[in-house]
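Student: sharing a model that was predicted from the sequence below.
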Amino acid sequence: MRMRTESVRSILPALSVALLAAPSVLAQGPTVRTEVEPNGTVAEANEFAVGDEVICNLTAGETDWFRFTVTQAGRIDLITFGNTTATGTTQTDTSLELFDSTGTTSVGWNDDMGGSGNFCGGLHYNLQPGTYTLKVTGSGATDSGVYKIDCSWQPLKTYTNTETEPNDAYTAANVIGSVTNWSVNGAIGVDGDVDFYQITIPTTTGLWFMVTDGEVPALRRSRLEFYTSAGALIGTTLGTNNANSGSFTGRVSTIRTWPAGTYYVAVKKDSGVTTPSTGNYRLECRYMVMNSGSDITETEPNNTVANLANIKTLLPGQRGVGLMSTGSSSTAERDLWRFQLAEPSTVQFQTTSGLTTPVLADTTIRLMNSDGSYGGIQALSGNTLAPTGSSHGRSTVRFNLTPGTYFLEVFGGTTTVSGNYTLEVGIMPSIYVDASYALVTVNATCLGTNTLRPTIAIEDFFTTRERPVLGAYFRRTVKDMPANAPYFFVQGFTTSAIATGNGGTTPLPLDLTSLGAVGCSLNVDIQNLRLGVANALGRSEQGEVLTTNPVFRGLPVYEQAVVLDPTAPGNTLGVTFSNYARQILGDRHWM
């Protein structure tokens with residue numbers, strides 16, 4: 001107990017030192033504005049700055065105009081989202097249209113940014129310095145309610161290639177070359193224009209194609225088409241041969257898995273658009289290369305995580321070679337394979353029949369977490385490249401948290417349960433990371449003078465939409481504190497250990513009972529903290545414009561409130577501790 005107490009005491013001076021340290025490395029100062037009516041015309045447009053958050057209200061049939069100025073070229077994200085119910089249903093469905101400074105020339109549009117239950121508009125364009133106007137309307141004639149605008153700046157999103165005309169036929173296609181993750185700055189210059197691009201892949205590869213926001217003026221709605229090396233639309237074994245953006249967005253996102261060969265990708269306006277349509281677009285593709293490395297043969301037994309020493313690790317592109325023993329479909333053998341991620345990643349995996357007879361013609365794959373629990377992904381089929389008459393699994397999964405170790409469990413399906421099989425894995429860095437905020441309940445008995453535990457929460461109309469998006473304003477509330485109580489808002493990068501004053505570390509959570517704070521624990525390592533003061537209701541908002549530095553994308557940031565409460569009952573330390581939260585800094589959706 002003495003060693004533990006000394007560790008606790010050694011941390012207390014560090015709290016005082018941290019208070020005098022530099023402000024948060026993750027944030028700048030916040031700016032929150034409220035819409036001022038009337039703003040139904042360009043002349044009445046409300047001004048806001050890049051980095052601001054604007055709280056607005058839309059009545060049915062109304063138009064809200066805003067104006068902002070870009071002082072440094074960058075990718076400007078303009079996001080709207082509406083007030084939500086307890087189940088997260090969007091109540092205010094907005095549509096965005098971006099104009100030049102006069103409000104007469106439209107340069108971009110979006111009605112649905114996408115994401116679970118979110119039908120509000122969102123724009124993500126590279127913008128040059130200048131003044132722009134933004135028109136917000138309801139998606140439908142009756143849409144109304146409170147909504148919020150988040151405007152953020154990130155560095156210009158660059159390209160690997162620039163389209164060169166003429167490329168209106170596959171025989172004149174722009175050749176992408178050997179780049180495995182590429183993006184093209186392209187344009188539909190005249191109505192009816194088609195842009196062809198040629199790619200060659202040396203082995204089976206998962207391909208994530210996207211048409212997304214690039215330069216302005218932007219193509220309003222887009223379409224992708226896929227062709228064979230002979231210029232024919234691809235067959236069904238390679239996936240559908242086209243993808244339209246649809247009626248509410250100009251963006252397309254679709255995944256294909258193709259064997260080695262040469263292919264053509266074409267961009268044109270959405271086939272549902274009957275009026276003339278031109279504009280710029282960004283065509284992106286990311287590769288999940290499979291079967292490009294060595295074959296790795298399984299070692300038995302490898303049927304559970306308890307056999308960790310025998311479970312082989314597959315690196316990106318490697319192929320696992322396994323054999324299933326005989327048994328009924330309910331008792332058949334399982335084989336586990338491991339893969340490891342060092343950054344937020346997208347992983348595609350698939351099984352197919354083995355290299356030698358007897359072959360396993362029917363397989364299923366299940367994703368497992370590092371502790372052996374199932375990750376909710378099960379692929380019974382999907383590998384359309386598998387031999388005729390067989391059924392093998394394929395799935396593509398995005399992983400936001402890293403680093404991490406995961407397992408793939410392979411077993412025979414319902415038709416055959418024994419024979420040889422192969423497992424292929426392709427991994428690429430994620431194109432985007434879902435920003436998220438999760439609250440963890442701890443310190444339930446760490447009560448203050450008001451007999452309440454301090455609590456971090458997100459509380460406003462936008463509870464289910466408020467997320468820590470890079471470059472955007474993010475806010476949460478510390479509540480249930482004594483009136484006017486001072487507190488520290490602690491941030492760190494782990495909940496496993498904290499540095500001590502003597503150069504060592506001590507494990508977290510750190511129980512402070514021995515110092516008199518009965519039932520209280522510190523759960524976050526102290527890398528940064530800010531001083532705050534509660535208002536007369538015991539509440540305080542913590543809000544900031546988050547960093548634009550992409551190195552933080554996918555980074556977990558943990559935070560906890562430490563409240564100075566000298567009259568807390570049964571607490572001679574005079575300090576209470578809140579629950580804690582985990583931010584994942586990232587994006588609101590693919591863009």
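Tutor: Everything's here; your move. Numbering: from 1, shown residues only.

Student: all helices for the stretch 451-591 of the chain, in order.
Tutor: Secondary structure of the stretch 451-591 of the chain, counting by DSSP state H, counting those that start in this stretch: no helices present.

Student: quick one: low-confidence ranges for it?
Tutor: In the predicted model, the stretch 451-591 of the chain carries pLDDT under 70 at residues 460-464, 501, 589-591.

Student: ok, 90 please
Tutor: Applying pLDDT under 90 to the stretch 451-591 of the chain flags residues 458-475, 498-505, 529, 543-556, 585-591.

Student: can you pull the buried residues of stretch 54-72?
Tutor: Within stretch 54-72, the residues that count as buried by 16 or more other Cβ atoms under 10 Å are Val54, Cys56, Leu58, Glu62, Asp64, Trp65, Phe66, Arg67, Phe68, Val70. Backbone N, C-alpha and C define where each C-beta goes, glycine included.

Student: quick one: the helices in the protein?
Tutor: Using DSSP state H, the helices of the chain run over 2-19.

Student: and the gap between Ile458 and Ala444?
Tutor: 20 Å (Cβ to Cβ, to the nearest Å).

Student: where in the stretch 151-300 of the chain is pLDDT low?
Tutor: Ranges of the stretch 151-300 of the chain meeting pLDDT under 90: 152-154, 177-180, 235-237, 246-250.

Student: strands of that one, start to end?
Tutor: Using DSSP state E, counting those that start in this stretch, the strands of the stretch 151-300 of the chain run over residues 161-162, 174-175, 182-188, 195-201, 205-212, 222-227, 242-244, 252-258, 261-269, 279-289, 295-297.

Student: export the ones you listed to CSV and tack on distance to Ile377?
Tutor: Formatted as CSV, the strands of the stretch 151-300 of the chain follow (distance: least, Cβ to Cβ, whole Å):
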stretch, distance to Ile377
strand 161-162, 33
strand 174-175, 36
strand 182-188, 28
strand 195-201, 25
strand 205-212, 15
strand 222-227, 26
strand 242-244, 23
strand 252-258, 15
strand 261-269, 27
strand 279-289, 15
strand 295-297, 22
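
Student: export those strands as CSV, with columns for mean neighbour count and distance to Gly503.
Tutor: Below are the strands of the stretch 151-300 of the chain laid out as CSV (neighbours: other Cβ atoms under 10 Å; distance: least, Cβ to Cβ, whole Å):
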stretch, mean neighbour count, distance to Gly503
strand 161-162, 14, 51
strand 174-175, 16, 57
strand 182-188, 21, 46
strand 195-201, 20, 51
strand 205-212, 23, 46
strand 222-227, 22, 56
strand 242-244, 18, 56
strand 252-258, 19, 49
strand 261-269, 21, 56
strand 279-289, 22, 43
strand 295-297, 13, 42
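
Student: tell me the domain ranges of this protein?
Tutor: Annotated domains of the chain cover 2-27+434-584, 31-154, 161-288, 295-429 [automatic domain parsing].

Student: how far does the second one sit from the chain's center?
Tutor: When you say that, I think you mean domain 31-154. Averaging C-alpha positions (Cα atoms, centre = their mean, to the nearest Å) puts domain 31-154 21 Å from its chain's average.

Student: what about it, how long is it end to end?
Tutor: Domain 31-154 has an end-to-end distance of 17 Å (Cα to Cα, to the nearest Å).

Student: do the same with the third one
Tutor: Its start and end residues considered, domain 161-288 measures 20 Å (Cα to Cα).

Student: cool, and the last one?
Tutor: Taking Cα to Cα, the span from the opening residue of domain 295-429 to its closing residue is 23 Å.

Student: burial measure for Ala141, as a count.
Tutor: Ala141: 9 surrounding residues under other Cβ atoms under 10 Å.

Student: find the nearest non-adjacent residue to it, please.
Tutor: Gly61 (6.0 Å; Cβ to Cβ, 6 or more residues apart in numbering).

Student: same deal with Asp77?
Tutor: Closest residue to Asp77 apart from its sequence neighbours, by Cβ to Cβ, 6+ apart: Ser152 at 4.7 Å.

Student: if I pick the one you found, what's in contact with it?
Tutor: Shown in contact with Ser152 (Cβ atoms under 8 Å, 6 or more residues apart in numbering): Val50, Gly51, Ile76, Asp77, Ile79, Val469, Leu470, Gly471, Ala472, Tyr473, Val545, Thr548.

Student: all set, thanks.
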